[in-house]
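**Student:** Predicted model, plus sequence, below.
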Amino acid sequence: MKKAFVITFILLVIISFSACVQKEPTPQALIEEIEDVDKYSYSIEYHQETQFSNVTIYSRGGFNYDREEAFWESKVIRKEITYINETILGDFMYFSYAIEKNGNVIQKGSGNTTIQEYFEKLKDNLMPGIETPEDLKYQMLKGADLSRNPLYYLKDILKNTTNFEVARGDGLYLIGFNFTRQYESPMPENVSENLKDYFETIRWIETTRGFARLWVKDNLPIKGEIHATKFIERPGLNMTSTIEISAKFEITYDYKRPEWIKKVIE
């Protein structure tokens, strides 16, 4: 009798634990799980179309947040093809590139710098909110950039979802939802009246509306597709432009340095 009770109790614990683990995902639950990730790798196929040009990016990369380390390997296709390798290792940065046209390499180069030096070069043209080298490092490691950091892009769009739907599959969940992102360029502080009209003409409002489909396992996305339209309004000029975006990506929760990084730091 006692043995039967013990077995029954163990089964109840297992069932309860399984139910907890397999709990249906919600936007907030996914955001919290993403925030707890200490390392991940990805591959992505990204397409961007405007009235004037098309860009396709094939990229893979990885992040180790405990070591403040990341890398990106990209193939960017426009009229020419650009191959780019980049890494950030703490405060050290390295990049290399090669531009190919008609099957021939027409330009290539490489270089290294520090976060501090990089910040000093860019500080007059950085996004609002990036005021220190640490802010810049955070943006590079955890910025919501679909082609360079799909996991943190997902975290961002999960904050404003509609029509969030979940279907359970074989050991995973399929999730679909609509999302909206909006950014409005701020007016600089302490601007004189004479310059306000000028800044009003260059002010822009960026609104992205789209649909995402995710495959989720163990409460984390492992695969996804995104289709979106980005509207860029310039009220002062009475102009609006659009960008069509689509992407397919896969994510794993591990990290391995590529061989070229090992050679860089030797």
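**Tutor:** Cool, got the structure. Here the structure is a predicted model, which means the values were calculated and not measured.

**Student:** residue contacts, the most centrally placed residue in the chain?
**Tutor:** Nearest to the mean C-alpha position of the chain, counting by CA atoms, centre = their mean, stands Asn149 at 2.6 Å. The contact partners of Asn149, taken as CB atoms under 8 Å, 6 or more residues apart in numbering, are Gly61, Phe63, Leu141, Lys142, Gly143. Every C-beta, even on glycine, is put in place using the N, C-alpha and C of the backbone.

**Student:** pLDDT below threshold where in this protein?
**Tutor:** 1-22, 187-188, 190-191 (pLDDT under 70).

**Student:** all helices of it, in order?
**Tutor:** 2-21, 27-35, 115-122, 133-142, 150-157, 193-202, 259-264 (DSSP state H).

**Student:** hey, which of the ones you listed is tucked in deepest?
**Tutor:** Ranked by mean neighbour count under mean count of other CB atoms under 10 Å, those are led by helix 150-157, which reaches a mean of 21.

**Student:** tell me what it is packed against?
**Tutor:** helix 27-35, strand 39-49, strand 173-184, strand 205-217, strand 220-234, strand 239-252 (3 or more CB pairs under 8 Å, 6 or more residues apart in numbering; DSSP states H and E).

**Student:** contacting residues around that helix?
**Tutor:** With CB under 8 Å, 6+ apart, helix 150-157 has contacts from 30-31, 34-35, 37, 40, 42, 44, 63, 142-146, 179, 181, 210, 212, 214, 221, 224, 247, 249, 251.

**Student:** hang on, the earlier thing: quick one: the residue nearest to the centre of the chain from Ile130, how far?
**Tutor:** The gap separating Asn149 from Ile130 is 15 Å, by CB to CB, to the nearest Å.

**Student:** same question, Asn219
**Tutor:** Distance, Asn219 to Ile130, using CB to CB: 31 Å.

**Student:** Over to Glu33?
**Tutor:** 27 Å.

**Student:** Same question for Asn104.
**Tutor:** 38 Å.

**Student:** which one of the two has more residues nearby?
**Tutor:** For Asn104 versus Ile130, neighbours defined as other CB atoms under 10 Å are more numerous around Ile130 (17 against 8).

**Student:** which ones are touching that one?
**Tutor:** Contacts for Ile130 were tallied using CB under 8 Å, 6+ apart; they are Leu136, Gln139.

**Student:** Name the nearest residue to Lys223, sequence neighbours excluded.
**Tutor:** Of all residues not flanking Lys223 in the chain, Trp215 sits nearest, at 4.1 Å (CB to CB, 6 or more residues apart in numbering).

**Student:** Tell me how many other residues crowd that neighbour.
**Tutor:** So Trp215, with other CB under 10 Å, has 16 neighbours.

**Student:** cool, Glu225 as well?
**Tutor:** Neighbourhood size, Glu225 [other CB under 10 Å]: 15.

**Student:** what do you get for Gly111?
**Tutor:** Neighbour tally, Gly111, other CB under 10 Å: 9.

**Student:** separation between the residue nearest to it when sequence neighbours are not counted and Asp254?
**Tutor:** With sequence-adjacent residues excluded and distances taken as CB to CB, 6+ apart, Gly111 is closest to Phe95, at 6.1 Å. Phe95 sits 24 Å away from Asp254, going by CB to CB.

**Student:** Kindly tell me how buried the closest residue to Ile245 other than its chain neighbours is, as a neighbour count.
**Tutor:** Spatial nearest neighbour of Ile245, chain neighbours left out: Ala228 (4.7 Å); criterion: CB to CB, 6+ apart. Around Ala228 there are 20 other residues, counting by other CB under 10 Å.

**Student:** what about the residue nearest to Pro235 when sequence neighbours are not counted, neighbour count?
**Tutor:** Of all residues not flanking Pro235 in the chain, Arg203 sits nearest, at 6.5 Å (CB to CB, 6+ apart). Counted with other CB under 10 Å, the neighbours of Arg203 add up to 16.

**Student:** same deal with Tyr255?
**Tutor:** Neighbour number of Tyr255 under other CB under 10 Å is 19.

**Student:** who touches the nearest residue to it once chain neighbours are set aside in this structure?
**Tutor:** Using CB to CB, 6+ apart and skipping residues adjacent in sequence, the residue nearest Tyr255 is Lys39, 4.0 Å away. Taking CB under 8 Å, 6+ apart, we find Lys39 in contact with Gly62, Phe63, Asn64, Tyr65, Asp66, Tyr253, Asp254, Tyr255.
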